[in-house]
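okay, here's the prediction I keep looking at, along with the sequence it came from:
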Amino acid sequence: MYEKRALIVGVTGIVGNNLARHLVAEGDWEIHGISRNPPQGLSQVKPVAVDVLDAAATRAALADLKPTHVFLCTWTRMQTETENCRVNGAMVRNVLDAVTAGGSNVRHVALVTGTKNYLGPFEMYARNTPETPFREDQPRLPIENFYYVQEDIVFEAAARHGFGWSVHRPHTIVGYAVGNAMNIGVTLAAYASLCKATGRPFLFPGSPTQHGAIADVTDARLLARHVAWASTTPAARNEAFNVANGDIFRWKRMWGVIADYFGLEVAPYPGEAVPLERQMKGDDAVWDRLVAAHGLQPNRLERLASAWHTDADLGRPIECVNDMNKSRRLGFLGWQDTERSFTDLFDQLRQERVIP
């Protein structure tokens, strides 16, 4: 029935879920999605339950699928970058080996990575001082980075089997997902809800640089449109792209926008980072009481809030903005109002009874 058959690896994550919804809306895709649990609210997606770290199981699960487009939208965090390289490289390799075994229908593989391409992995995060705005032709850092490993596996498979590829490097992603390991929007919504309930000050947790410098983020909906565009546009074949909203801002103003949404006063900035991991320590019981009092989804705070990752983003000592000229030059003119990225997400979280 469909000319295009998508395989989304990580369909329940913040990237994969929004991509699936976008492809459903486009209407001309047969969509299969790999995840540990079936995606909620996506009945048009055919679930594939397999551990992609198991090469034999992955090959068996995908033997008859024959996708035309593969979207790699997941990763697993390990204790060291060496382990990140081994594990996350294996996931990409196992999927590509499976979909190309016995002849391949694959036309395009899209790999979603991120700004750690320029900043380095968590072990060395933002310790270098790359020139901003980040541009896709900047050289790789001379350190281990599992993004580079994943890219090289995709490049080698593309050369061997003749399909096209694209690499997508979003900045901090804002979008709807529950249980995601890197989710600044839901983390800040949970933090603001706790401040509202307890009367605690709504205090920007990040560094002075991030408080005052120009920044950008990536709306998951825009990223979904970008991935679909690159995967079906000949001019975008075999290219790496930054993906950001195309809308710059300063956190010291955005903090006020978020405060206004939740009916909070902005606490005076103390001039130094006060990490969310410290501010939210011991809040599990407080959140459980909010869930009970407001009839929220029974999510534990640790499932919603990734304070460690938000602290990493907001604690960076350098300015981080992304150049989008390559995408515009090749025909992608999408943009997103960043204030609406946050407020639209907060609206959805309330509608879904994730936050009060």
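That came through, no problem.

what average pLDDT does the helix or strand hosting residue 278 get?
Residue 278 belongs to helix 276-279 when assigned by DSSP states H and E. Helix 276-279 comes out with an average pLDDT of 97.

before we move on, what about stretch 132-146?
95.

what about it, how long is it end to end?
Length of stretch 132-146, first residue to last, C-alpha to C-alpha, to the nearest Å: 22 Å.

start at 34 instead
In the new numbering, first residue 34, that becomes stretch 165-179.

would you mind measuring from the closest residue to residue 117 other than its chain neighbours to residue 43?
What sits nearest to residue 117 in space, not counting adjacent residues and going by C-beta to C-beta, 6 or more residues apart in numbering, is residue 179, at 4.1 Å. Every residue, glycine included, has its C-beta placed from N, CA and C. Counting by C-beta to C-beta, to the nearest Å, the gap from residue 179 to residue 43 is 15 Å.

go on, residue 305?
Taking C-beta to C-beta, one finds residue 305 at 36 Å from residue 43.

ok, now residue 282?
Residue 282 is 28 Å from residue 43, by C-beta to C-beta.

equivalent analysis for residue 247, please.
Counting by C-beta to C-beta - residue 247 and residue 43 are separated by 30 Å.

higher neighbour count, these two?
With neighbours defined as other C-beta atoms under 10 Å, residue 247 and residue 43 compare such that residue 43 has more, 24 against 13.

next up, the contacts around the nearest residue to residue 272 once chain neighbours are set aside.
Leaving aside its chain neighbours, residue 272 sits nearest to residue 199 (5.9 Å; criterion: C-beta to C-beta, 6+ apart). Residue 199 makes contacts with 141-144, 260, 263-264, 269-274, as judged by C-beta atoms under 8 Å, 6 or more residues apart in numbering.

dump those to TSV, plus distance to residue 370.
Compiled in TSV, the contacts of residue 199 are given as follows (distance: C-beta to C-beta, whole Å):
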residue	distance to residue 370
141	29
142	31
143	25
144	27
260	20
263	22
264	25
269	24
270	30
271	31
272	26
273	26
274	21
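
quick one: buried ones out of those residues?
For those, a burial check counting by 16 or more other C-beta atoms under 10 Å picks out 141-144, 260, 263-264, 269-270, 272-274.

mind listing the strands for the stretch 184-333 of the chain?
197-203, 206-207, 247-248, 251-252, 272-276, 282-283 (DSSP state E, counting those that start in this stretch).
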